[in-house]
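>>> Fold the following for me, if possible:
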Amino acid sequence: MAVGPVDVVIIGFPGNKFSGQIAPAIVDLVNAGTIRVIDLLFIMKDADGSITTIEAGDLGEGLEGFLTIDIVQPGALNDEDADEVAEDLPPNSAALLIAFENTWAAQFVKAVQAADGFVIDQIRIPVDVVNAVVTAD
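Model (predicted):
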């Protein structure tokens, strides 16, 4: 079975305010077969620098949508990941780590393997850079 590449995306939220607006988009991507969510990890850094990881069920009002996401390997993201992200997280902010497989690419991976090919490197261009290039005159 071919497996697509896995990404870990870190999304920051100032003021320790997670937004439930992201959850429906993730669910849509899962339902379309575009991604498979491996794990989610919520981190908060208080004004004094204290770090807290939060379970999805403890997120509170407005964030119930995260509970509908099918997570295939809960615990894959752990305290070590939280500590690493927290080092760069400004005080009084939060982050969502989401690890997902790009299932859309599995067929491509299979074709590359069948051709005895291998990935030398993979580069992701940030959306703000793409937007700047596309909108440049």
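>>> Please enumerate the strands of the chain.
Here the chain has its strands, by DSSP state E, at 6-14, 36-45, 51-54, 93-101.
>>> give me every residue that touches the residue nearest to the spatial centre of the chain.
A centroid search over the chain (C-alpha atoms, centre = their mean) returns residue 98, at 2.4 Å, as the residue closest to the centre. Going by C-beta atoms under 8 Å, 6 or more residues apart in numbering, residue 98 touches 8-9, 11, 26, 37, 39-41. Just so you know, the C-beta spots here come from the backbone N, C-alpha and C atoms, and that holds for glycine as well.
>>> how about a markdown table for the residues you listed, with neighbour count added?
Formatted as a markdown table, the contacts of residue 98 follow (neighbours: other C-beta atoms under 10 Å):
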| residue | neighbour count |
| --- | --- |
| 8 | 15 |
| 9 | 10 |
| 11 | 12 |
| 26 | 20 |
| 37 | 19 |
| 39 | 18 |
| 40 | 21 |
| 41 | 24 |
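>>> In CSV: these, plus distance to residue 73 and pLDDT.
Converted to CSV, those look like this (distance: C-beta to C-beta, whole Å; pLDDT from 0 to 100):
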residue, distance to residue 73, pLDDT
8, 13, 94
9, 16, 94
11, 19, 94
26, 16, 95
37, 9, 96
39, 6, 94
40, 11, 93
41, 12, 93
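>>> returning to that earlier point: next, format the strands of the chain as a markdown table and append distance to residue 74.
Below are these laid out as a markdown table (distance: least, C-beta to C-beta, whole Å):
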| stretch | distance to residue 74 |
| --- | --- |
| strand 6-14 | 15 |
| strand 36-45 | 6 |
| strand 51-54 | 13 |
| strand 93-101 | 11 |
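>>> now the helices for the chain?
Remark: helices assigned in the chain by DSSP state H are 22-31, 79-88, 106-114, 127-135.
>>> how about these, which one is nearest residue 49?
Residue 49 lies closest to helix 79-88 among these, at 8.6 Å (C-beta to C-beta).
>>> Now do the end-to-end distance for stretch 46-60.
End-to-end distance of stretch 46-60 (C-alpha to C-alpha, to the nearest Å): 17 Å.
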